[in-house]
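Participant: Just the structure for this:
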Amino acid sequence: MEEVFDSFSTRELAIAIWISIALTVCMFSKGIRQSLVGILKALFAWKIFVSLLAFFIHTALYVFVLYKIGVWNISLLKDTIIWTFSFGFVSLVNINKVNNTKYFRNIFFDSIKWTIAIEFVLNFFTFSLTKEIILIPIIVFSAVMQAVASHDSKHKQVENLMKSFLMYFSIFVFLFSLYKTVEKHAELFTIDNLKSFLLPVFLTITFLPFMYLYNLVVKYEELWVRLKFMIRNEDDRKRVKLQILLVANFNIDRLANISKNIAKPINVYNDLSKNMIRQVSKGQYIGFDE
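Facilitator: Presented below is the predicted three-dimensional model:
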């Protein structure tokens, strides 16, 4: 376990300290406590619980494979947990917002872009724990101020001030990290750091097929619920479902088009044909009177 604690940077420790303080303060609010209970209940709803369980099992399976081939060790536990509850968990929660395959291509390329290297360098060389504890709330406060000010043109000066502060601070941190990288390149370019750098990339790439299939299941389920209200006759509904499966199958783009465009052909023109399904899957449906 000592390896796990040693893997935390001063910045990550400072963030953990502030999160602990914030959670402790929140516990004194009855309204927040009730909200947290509501969130926990929602997480244990069977559909969400099964989805999260499948995600955790999927991630654990790939980590186990890395462990068996000698790539993963306990020192990477922190990186694994951070990836799981940041990118992995957030992507799973927002999966219903994904409506085309372009999203998955972007995720793939983003996971291997040079920006990851910059983020890695920035996080590798940090300030002392005391400085990080002081700096983090200042940065968070500035970011919140900028976000709030951006919603009102009267506060444009405040927005620009906060934006400038964050930009110059980012440049300073980058230059500091770049200097440390050159000065202590031997500490940066090690096998352990390479593993830490590549782990989130590997987990992201292996997570994409899971995301894709899960997105398909969610979209089909949503569409089946809508069809239940649009097509009252059960035999007709089953026939339309089969046609949709044959036309869309594993193609998210086609399925998204069908879900978006199928209401009018059914409700207005009472068109349940396979040709209609093909047309709406391409966004090309034209009604009889159009």
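Participant: Regarding Q34, what is its secondary structure?
Facilitator: Counting by DSSP: H, G, I helix; E, B strand; the rest coil, the backbone at Q34 sits in helix.
Participant: per-residue confidence at it?
Facilitator: Looking at Q34, its pLDDT stands at 70.
Participant: Quick check: the gap between it and A22.
Facilitator: As judged by C-beta to C-beta, to the nearest Å, Q34 and A22 stand 17 Å apart. In this view, the C-beta of every residue, glycine as well, is placed from N, C-alpha and C.
Participant: Repeat that for N94.
Facilitator: Counting by C-beta to C-beta, the separation of N94 from A22 is 23 Å.
Participant: Was I right to think T59 contacts L203?
Facilitator: Yes: under the criterion of C-beta atoms under 8 Å, T59 lies in contact with L203, with a separation of 6.7 Å.
Participant: who touches the residue minimising distance to the centre of the chain in this structure?
Facilitator: For the chain, the residue whose C-alpha lies nearest the mean C-alpha position (C-alpha atoms, centre = their mean) is S91; its distance is 2.6 Å. Listed by C-beta atoms under 8 Å, 6 or more residues apart in numbering, the contact partners of S91 are I107, F207, M211.
Participant: those helices in the stretch 1-150 of the chain, which residues are they?
Facilitator: When secondary structure is read from DSSP state H, counting those that start in this stretch, the stretch 1-150 of the chain shows helices at 2-6, 10-26, 30-43, 46-68, 77-83, 89-93, 102-110, 114-124, 129-149.
Participant: looking at these, which is closest to V158?
Facilitator: Shortest separation from V158 across the helices of the stretch 1-150 of the chain is recorded for helix 129-149, at 4.2 Å, computed as C-beta to C-beta.
Participant: circling back to that earlier point, pull up the overlap in contacts between T59 and L203.
Facilitator: By C-beta under 8 Å, 6+ apart, T59 and L203 have these common neighbours: T80, T84, G88.
Participant: Name the nearest residue to the first one, ignoring sequence neighbours.
Facilitator: Distances taken as C-beta to C-beta, 6 or more residues apart in numbering put V63 closest to T80, at 5.9 Å, once the chain neighbours are dropped.
Participant: so who does the one you found touch?
Facilitator: When contacts are counted by C-beta under 8 Å, 6+ apart, V63 is found next to W72, T80, L203.
Participant: pLDDT at the first one, what is it?
Facilitator: When you say that, I think you mean W72. Note on W72: pLDDT of 91.
Participant: now G88
Facilitator: G88 is assigned 84 on the pLDDT scale.
Participant: burial measure for it, as a count.
Facilitator: G88 is surrounded by 22 other residues when neighbours are defined as other C-beta atoms under 10 Å.
Participant: cool, L272 as well?
Facilitator: The tally of other residues near L272 (other C-beta under 10 Å) stands at 18.
Participant: Settle this for me: it is touching R239, isn't it.
Facilitator: Yes: using C-beta under 8 Å, L272 is in contact with R239, at 6.9 Å.
Participant: how far away is the residue nearest to T80 from F104?
Facilitator: Look at V63 and F104: by C-beta to C-beta, they are 22 Å apart.
Participant: Likewise for M27?
Facilitator: Distance of M27 to F104, given as C-beta to C-beta: 39 Å.
Participant: Look at those two and report which has more neighbours.
Facilitator: Here M27 and F104 are set side by side on neighbour count (other C-beta under 10 Å), and the busier one is F104, at 16 against 11.
Participant: list the contacts for that one?
Facilitator: For F104, the set of contacting residues under the criterion of C-beta under 8 Å, 6+ apart consists of V98, L208, M211, Y212.
Participant: For it, give me the pLDDT.
Facilitator: 79.
Participant: try V144
Facilitator: At V144, the pLDDT value in this model is 75.
Participant: now N251
Facilitator: In this prediction, N251 carries a pLDDT score of 90.
Participant: give me phi/psi at it?
Facilitator: Its backbone dihedrals place N251 at phi -100, psi 110, with angles given as degrees, to the nearest 10.
Participant: check contacts around it.
Facilitator: Under the criterion of C-beta under 8 Å, 6+ apart, the neighbours of N251 are T101, S281.
Participant: quick one: low-confidence parts of this structure?
Facilitator: Scanning the chain for pLDDT under 70 picks out the ranges 1-8, 33, 36-37, 39-40, 42-44, 110-125, 181, 185-189, 286-290.
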